[in-house]
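S.K.: Next one to model:
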Amino acid sequence: MILESVSLVTCFCPCVTFGLIAEIVDKGNSTCTCDGTIYGALLAVTGLACLYSCYYRSKLRAQYDLPEAPCMDCLVHFCCETCALCQEYRELKNRGYDMSIGWEANMERQGQGQGSVPMAPPMISPAMTR
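M.R.: Predicted structure coming up:
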């Protein structure tokens, strides 16, 4: 169900999906809003936002050592931009990221947030004995 709604959002407003992907791929160095706005502006002005998103696909592949198959990244984005964005979204989701909460919240959830202190397991009292 969620994947279907992502497909619809990507079809009608790919800048949203791209922004979510870019924030995770950039490891929080840029925001979803900023990247999505740049993507939307490129799409509106030149129609070639696929060149921008192709860069992030290559970056994603490099981070996770994914093969560039069956064809080059730019060709995938040029021929079917929405399919490529959905595929990248699904890849990150399958790797455990909650795309709707952004980079910082994902890191906090994984216990890797800046300044976070690992929590000790709770103390369990011994079982009752006779």
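
S.K.: I'd guessed Cys32 sits against Val25; true?
M.R.: No. Counting by CB atoms under 8 Å, Val25 is not a contact partner of Cys32; they are 11.1 Å apart. Yep, even glycine has a C-beta here, placed from its N, CA and C like the rest.

S.K.: measure stretch 17-31 end to end?
M.R.: 12 Å (CA to CA, to the nearest Å).

S.K.: For it, what does the pLDDT average out to?
M.R.: Taken as a whole, stretch 17-31 carries a mean pLDDT of 95.

S.K.: go on, stretch 65-73?
M.R.: 86.

S.K.: Please spell out which residues along stretch 53-62 are buried.
M.R.: Across stretch 53-62, burial judged by 16 or more other CB atoms under 10 Å covers Ser53, Cys54, Tyr56, Arg57, Ser58, Leu60, Arg61.

S.K.: Spatially central residue for the protein, please.
M.R.: Ile21 (3.0 Å; CA atoms, centre = their mean).

S.K.: Look up how far Cys86 lies from that one.
M.R.: 10 Å (CB to CB, to the nearest Å).

S.K.: who does the longest helix seen in the chain touch, helix- and strand-wise?
M.R.: In the chain, taking DSSP state H as the definition, the longest helix is helix 49-64. When contacts are defined as 3 or more CB pairs under 8 Å, 6 or more residues apart in numbering; DSSP states H and E, helix 49-64 sits against helix 14-25, helix 32-45, helix 73-79, helix 81-94.

S.K.: how about these, which one is nearest Ser100?
M.R.: helix 14-25 (7.4 Å; CB to CB).

S.K.: Report all helices and strands that the closest one contacts.
M.R.: helix 2-12, helix 32-45, helix 49-64, helix 81-94, helix 102-109.
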